[in-house]
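Compute the structure for the input listed below.
(2 chains)
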Amino acid sequence: DAGVTQSPTHLIKTRGQQVTLRCSPKSGHDTVSWYQQALGQGPQFIFQYYEEEERQRGNFPDRFSGHQFPNYSSELNVNALLLGDSALYLCASSPSGGRYTQYFGPGTRLTVL
Amino acid sequence: ELKVEQNPLFLSMQEGKNYTIYCNYSTTSDRLYWYRQDPGKSLESLFVLLSNGAVKQEGRLMASLDTKARLSTLHITAAVHDLSATYFCAVDSRGATNKLIFGTGTLLAVQP
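So this is what the prediction gives:
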């Protein structure tokens, strides 16, 4: 049984560019959450998707947007990249609308130059 | 706003010793999680604590929850080098989703 998968593993972009990160949830999970983890800090909640809709959002600007597909996979898009967007982006999935333990993917390391 | 604090931020200990990591949170919550993160890696779920007085143990790690004090502890017994990692507690923010609020993390270094 495959766990949560994310792609790409690493990504280097320059300021002002746009990036799309992808996540496939664990089998049987229908809820996907995205977190940003800056170096030396705990993960910060970006948003959560359930039934193809954004259900809750953290304190992140509109430059951060997402999407969930009918197969429950999800994308995180970040526009107009800033140096401060450099971080590990983690996707987490959980079953039944999100009220259970979240399982995290390996993450995408984004570096903005 | 829910806040989660951990201490210590850094813990250097010798193999064979015992120690405790503390996690305090500011408002009532349904559940508390402990995760482990190895350098450059993702988060591994260790425990989920659902009620006051809950205690869970796995190997040399034992987690407990006191919802009245809004405190959880992660106790390490007879530490071994393989336990070296960063440990995070996270609290469910309640409501329809389980948006997790993470603590700052505790970097544990077990020295031989």
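
make it CA atoms for all contacts and neighbour counts henceforth
Fine.

Could you pull out the buried residues of the one helix or strand in chain A whose mean pLDDT sits lowest?
Lowest on mean pLDDT, DSSP states H and E among the helices and strands of chain A sits strand A:53-57, with a mean of 90. Judged by neighbour count (16 or more other CA atoms under 10 Å in any protein chain shown), strand A:53-57 contains these buried residues: A:54, A:56-57.

ok, those vs chain B, which is closest?
Nearest to chain B among these is residue A:56, at 7.4 Å by CA to the nearest CA.

How about the contacts made by that closest one?
A:47-49, B:97, B:99 (CA atoms under 8 Å, 6 or more residues apart in numbering or on different chains).

Please apply the same query to residue B:53.
Residues near residue B:53 by CA under 8 Å, 6+ apart: B:64-67.

Low-confidence ranges, chain B, go.
Regions of chain B meeting the criterion pLDDT under 70 cover residues B:94-97.

quick one, helices of it?
Taking DSSP state H, chain B contains no helices at all.

ok, which residues in chain A are in contact with chain B?
Proximity of chain A to chain B is confined to A:41-45, A:48, A:55-56, A:90, A:97-101, A:103-107 under the rule CA under 8 Å from any CA of the partner chain.

hmm, which two among the contacts of residue A:56 are most spread apart?
By the measure CA to CA, A:49 and B:99 form the most distant pair in these, at 11.1 Å.

pretty sure residue B:61 contacts residue B:76?
Yes: using CA atoms under 8 Å, residue B:61 is in contact with residue B:76, at 4.9 Å.

near chain A, which residues of chain B?
Going by CA under 8 Å from any CA, the residues of chain B near chain A are B:41-45, B:48, B:88, B:96-105.

go with 6 Å
B:42-43, B:97-98, B:102, B:104 (CA under 6 Å from any CA of the partner chain).

Closest one of these to residue B:33?
Distances from residue B:33 to these, taken by CA to CA, are shortest for residue B:102, at 9.1 Å.

and that closest one, what are its bridge partners?
Beta bridges link residue B:102 to residue B:90, judged by DSSP bridges.

Excluding chain neighbours, what is closest to residue A:46?
The shortest distance from residue A:46 to any non-neighbouring residue, by CA to CA, 6 or more residues apart in numbering or on different chains, is to residue A:58 (4.8 Å).

actually residue A:80, sorry about that
Nearest one to residue A:80, counting by CA to CA, 6+ apart, is residue A:16 at 4.0 Å.

swap in residue A:41?
Here the residue nearest residue A:41, using CA to CA, 6+ apart, is residue B:104, at 5.7 Å.

pretty sure that neighbour contacts residue A:40?
No: counting by CA atoms under 6 Å, residue B:104 does not reach residue A:40; the two are 8.2 Å apart.

Report pLDDT for the residue nearest the centre of chain A.
With distances taken as CA atoms, centre = their mean, residue A:34 lies nearest the centre of chain A, 3.3 Å away. Per-residue confidence (pLDDT) for residue A:34: 97.

got a list of what it touches?
If a contact means CA atoms under 6 Å, 6 or more residues apart in numbering or on different chains, then residue A:34 has A:46-47, A:90-91 as its contacts.

Direction included, what does the helix or strand containing residue A:67 pair up with?
Per DSSP states H and E, residue A:67 falls inside strand A:64-68. According to DSSP bridges, strand A:64-68 has the following sheet partners: strand A:74-78 (antiparallel).
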